[in-house]
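[1] here are the coordinates; sequence isn't available:
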């Protein structure tokens, strides 16, 4: 997410540096907060993966203009797309310019997907310390651009240790990460996936129960929950067993229960086999309120998949409104 000199100068030319600095220093977002209980958002990971898997071409300005026009409120960033890694948190001008790019479209950078060197569950304490230092820097960057959530994915090999030892190390690292996020006014949210060494319901529950800090939450992604639940098309069953109160972030999608390019297949709502309304009802009745990102990972057309998700969400919320009348 390194801004090129050309992009930086373009943004700086349309927004004074003093105004940019004021925007970053403010505690509130530039995007207008609505009264919607679920705030629709897109993820840049979908556009990144589409460009790499399907050789599609996307311009960030066009993506943001489209998102604002279609009524999305936020964007989740991914490292190394569209340009390089996240800026250093101490590079105030680049962090300010990046936030200004989204501000001028009325969009909130509400989350980042962290991408840190090292394994938080490594048997070597030096590697875990390196990971935590890298995470702290990315968390500070996230806060500087207005985020509320920092996403965590415990990938990497098991190494010379048992799964129980790795889980203990992971929970210790994630507890420290949650403290960092809490001190910055954010939450840390994690998910596990089929290719990870942590990929079962038992692993999921042991992590959630092992990290007791209130700023630590799970991510609900129906495609991954479906795989963990036996690929039976009923991820909401696992969600209810986990407990919606443990969910701090939603990356919503449909799925057909298969694995594609190493992980759970993500599809636009209605393109898979899930009961979308039942999944949303489980979240709603469990009390989830907040950001609702549509995860279009490795979909050929992330524009279409994002819109299908947003329309499904709006249809569900309209039904809830009628039921409450």
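    Looks like it came in fine. Quantities reported herein were computed from a predicted structural model and do not represent experimental measurements. Numbering: from 1, shown residues only.
[2] Wait, a helix at residue 109?
    No. Residue 109 is assigned strand when assessed by DSSP: H, G, I helix; E, B strand; the rest coil, not a helix.
[3] Could you pull out the buried residues of stretch 229-236?
    229, 231, 233-236 (16 or more other Cβ atoms under 10 Å). C-beta: built from backbone N, CA, C; applies to glycine.
[4] and that stretch, how far apart are its ends?
    Criterion Cα to Cα, to the nearest Å; first-to-last residue distance in stretch 229-236 is 9 Å.
[5] How about stretch 265-274?
    End-to-end distance (Cα to Cα), stretch 265-274: 12 Å.
[6] residues contacting residue 70?
    306-307, 310 (Cβ atoms under 8 Å, 6 or more residues apart in numbering).
[7] Who wins on neighbours among those?
    Using other Cβ atoms under 10 Å as the neighbour test, those are led by residue 306, with 29 neighbours.
[8] Does that one touch residue 47 like I think?
    No. With contact defined as Cβ atoms under 8 Å, residue 306 does not count as touching residue 47 (9.4 Å).
[9] what residues are shared contacts of those two?
    With Cβ under 8 Å, 6+ apart, residue 306 and residue 47 have common neighbours residue 296.
[10] From the contacts of residue 70, which land in helices?
    306-307, 310 (DSSP state H).
[11] Where do the helices of the protein begin and end?
    Under DSSP H, the chain gives helices at 5-14, 17-25, 44-53, 60-69, 92-103, 125-144, 163-183, 201-210, 222-228, 235-242, 276-285, 302-324.
[12] Where does pLDDT dip in the stretch 201-325 of the chain?
    Flagging of the stretch 201-325 of the chain using pLDDT under 70 yields the residue ranges 325.
[13] For burial, what's the neighbour tally of the closest residue to residue 281 other than its chain neighbours?
    In this structure, residue 281 finds its nearest non-sequential neighbour in residue 316, 7.4 Å apart by Cβ to Cβ, 6 or more residues apart in numbering. Other residues near residue 316 number 20, with proximity taken as other Cβ under 10 Å.
[14] Including distance to residue 83, could the contacts of residue 70 go into JSON lines?
    Formatted as JSON lines, the entries for the contacts of residue 70 read as follows, by distance: Cβ to Cβ, whole Å:
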{"residue": "306", "distance to residue 83": "21"}
{"residue": "307", "distance to residue 83": "25"}
{"residue": "310", "distance to residue 83": "26"}
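[15] between the residues you listed, which is nearest residue 137?
    residue 306 (29.5 Å; Cβ to Cβ).
[16] show me the contacts for the closest one.
    Going by Cβ under 8 Å, 6+ apart, the list of residues near residue 306 reads 42, 46, 67, 70, 72, 268, 294, 296.
[17] what does residue 112 give?
    76-79, 86, 138, 141-142, 145, 147, 149-151.
[18] Let me have these in TSV, adding distance to residue 158 and neighbour count as columns.
    Below are the contacts of residue 112 laid out as TSV (distance: Cβ to Cβ, whole Å; neighbours: other Cβ atoms under 10 Å):
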residue	distance to residue 158	neighbour count
76	28	24
77	29	22
78	25	23
79	24	19
86	27	25
138	24	22
141	29	26
142	28	27
145	34	25
147	30	27
149	27	24
150	24	27
151	22	25
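[19] Of these, which belong to strands?
    In strands, judged by DSSP state E, the following of these are found: 76-78, 149-151.
[20] Including distance to residue 167 and pLDDT, could those go into JSON lines?
    As requested, the ones in strands among the contacts of residue 112 are arranged in JSON lines below (distance: Cβ to Cβ, whole Å; pLDDT from 0 to 100):
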{"residue": "76", "distance to residue 167": "27", "pLDDT": "99"}
{"residue": "77", "distance to residue 167": "28", "pLDDT": "99"}
{"residue": "78", "distance to residue 167": "26", "pLDDT": "98"}
{"residue": "149", "distance to residue 167": "23", "pLDDT": "99"}
{"residue": "150", "distance to residue 167": "21", "pLDDT": "99"}
{"residue": "151", "distance to residue 167": "19", "pLDDT": "99"}
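[21] Looking at these, which is nearest residue 54?
    residue 78 (16.5 Å).
[22] where does the stretch 1-150 of the chain dip in pLDDT?
    1-33.
[23] Now for residue 98, how many residues are close by?
    Neighbours of residue 98 (other Cβ under 10 Å): 26.
[24] re earlier: pull the most distant pair out of the buried residues of stretch 229-236.
    Longest span within the buried residues of stretch 229-236, Cβ to Cβ: 231 and 236, 13.9 Å.
[25] Many thanks, I have nothing further to ask.
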